[in-house]
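A.B. asks: predicted model and sequence follow; I will ask about them next.
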Amino acid sequence: MASSMRLAGSFLLAASLLSCAWVKPTPSAKDVRVASAVEVAGCKAAGSTQVSVLDKVAGVRRGYTKVSEELETLARNSAAQLGGNTVVPTSEIVDGTQTFDVYQCKR
């Protein structure tokens, strides 16, 4: 009985952690947008960034959408530090890691 209660408690903790948004945009990142390669044809390259988040919590894989959103937020935060205002994903998500190119685009 006690072990099933601990298991249920662990499951509830893992489920609540999986739904949390751990990554928050910085104030300067709020103006950075995510775009496609076609959309940045006339923009100036400002660098690239590789960002990572946990893709598993307590051995449970986190949802793809949540991981993707957090990676985009980290990329936007990084772009703001690099002086960019646009990011373009250049890789797939692998083990919670993704690479983005950073651009400065006219608006």
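C.D. replies: Yes, it's here.
A.B. asks: show the pLDDT at D55.
C.D. replies: pLDDT, D55: 90.
A.B. asks: enumerate every residue touching it.
C.D. replies: 61-62, 67, 93, 95-96 (C-beta atoms under 8 Å, 6 or more residues apart in numbering). In this view, the C-beta of every residue, glycine as well, is placed from N, C-alpha and C.
A.B. asks: from P89, how far off is it?
C.D. replies: Relative to P89, D55 is positioned 16 Å away (C-beta to C-beta, to the nearest Å).
A.B. asks: then R33?
C.D. replies: Using C-beta to C-beta, R33 is found at 12 Å from P89.
A.B. asks: which helices and strands sit right next to the longest helix belonging to the chain?
C.D. replies: Longest helix in the chain by number of residues (criterion: DSSP state H): helix 64-82. Packing partners of helix 64-82 (3 or more C-beta pairs under 8 Å, 6 or more residues apart in numbering; DSSP states H and E): strand 33-34, strand 44-52, strand 86-89, strand 97-104.
A.B. asks: deepest-packed of the ones you listed, please.
C.D. replies: With neighbours defined as mean count of other C-beta atoms under 10 Å, these peak in mean count at strand 86-89, which reaches a mean of 23.
A.B. asks: distance of the residue nearest to the spatial centre of the chain relative to K56?
C.D. replies: When C-alpha atoms, centre = their mean is applied to the chain, the residue found nearest the centroid is L71 (1.1 Å). For L71, the distance to K56 (C-beta to C-beta) stands at 15 Å.
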